[in-house]
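Novice: Provide a 3D model corresponding to the input given below.
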Amino acid sequence: MLITISGVPGSGKTTVARLLAERLGIPHVYAGDLYRKEAEERGLSLEEFNQLSERDHSIDRTLDEKMAAYARQGGVVLEGRLAGFIAVQEHVDALKVWLTASDEVRARRVAQREGRDWQTVLRLNHSRQGSDAKRYKAIYGFDLGDTSIYDVVLSSDDAGPEALAEHILRRAAERFGRAGVRV
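Specialist: Okay, the predicted model is just below:
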C-alpha cells in the first residue's frame, strides 16, 4: 500500500500523513524533512536553499530519486508536494491525495507553528510556492497547480486532521481492500 500526501504549505499535510501512518502502522516519509536537513547541512535558510535549488536542479533530482525509491518499495505514507507526481512517474499503485486550504488559513497555521507573524508567513508561502512551481516546471514539466493526477482532493479549511484522515482511510480501504486498513 502506498498513500501519497501532497498539497500546499500549511494545508495540514504533515499532521494528516502522521495520523495515517500511525493508524496504518506503516512509516511516514516526508520530503520536507529531507529537504530541510540538506539546507541545514549547507548552512542555508529555507529561502536561500530554494533560490539555490532554482539554479541547481541536481538538488531536487537527488531528493526526488530518494522519494521514488520509497514509492517503488511501497508500504509507506509518502508526503511531499511531488509525492503524487512521483507515484505516477514510477507507475506504482498509490492513493494520491492533494490537500489545500485558503491562503490566510495556511499562513495562520504556519505562523502559529513557527511563532511568526501570519502576514510575513503569507508572503513567504507565496514566495515558496512560486519557487517550487518554477523548479518543478523546469525540471519535470509538471504544473504544480494541476490536481488532475490526484485521486482525492480535500480542503482542510473546515475539516480537522482526524476527519481528513478518516476520509482518506475510507478511500484507502476502497482502493486497497479492507485488510490492513483500520477505518
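Novice: quick one, helices of the chain?
Specialist: Using DSSP state H, the helices found in the chain span residues 13-24, 31-41, 46-55, 58-73, 83-89, 103-114, 118-140, 161-176.
Novice: out of these, nearest to Thr4?
Specialist: helix 83-89 (3.8 Å; C-beta to C-beta). Heads up, the C-betas are built off the backbone N, CA and C, glycines and all.
Novice: on that earlier part again, return the most buried member of the helices of the chain.
Specialist: Using mean count of other C-beta atoms under 10 Å, the stretch among these with the greatest mean number of neighbours is helix 83-89 (a mean of 23).
Novice: on contacts alone, who are the packing partners of that helix?
Specialist: Contacts defined by 3 or more C-beta pairs under 8 Å, 6 or more residues apart in numbering; DSSP states H and E place helix 83-89 against strand 2-7, helix 58-73, strand 95-100, helix 118-140.
Novice: could those go into TSV alongside distance to Ala21?
Specialist: Below are the helices and strands packed on helix 83-89 laid out as TSV (distance: least, C-beta to C-beta, whole Å):
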stretch	distance to Ala21
strand 2-7	9
helix 58-73	12
strand 95-100	13
helix 118-140	23
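Novice: can you redo these as TSV with mean pLDDT and distance to Gly84?
Specialist: Putting those into TSV (pLDDT from 0 to 100; distance: least, C-beta to C-beta, whole Å) gives the following:
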stretch	mean pLDDT	distance to Gly84
strand 2-7	96	5
helix 58-73	94	10
strand 95-100	97	4
helix 118-140	87	12
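Novice: that'll do, ta.
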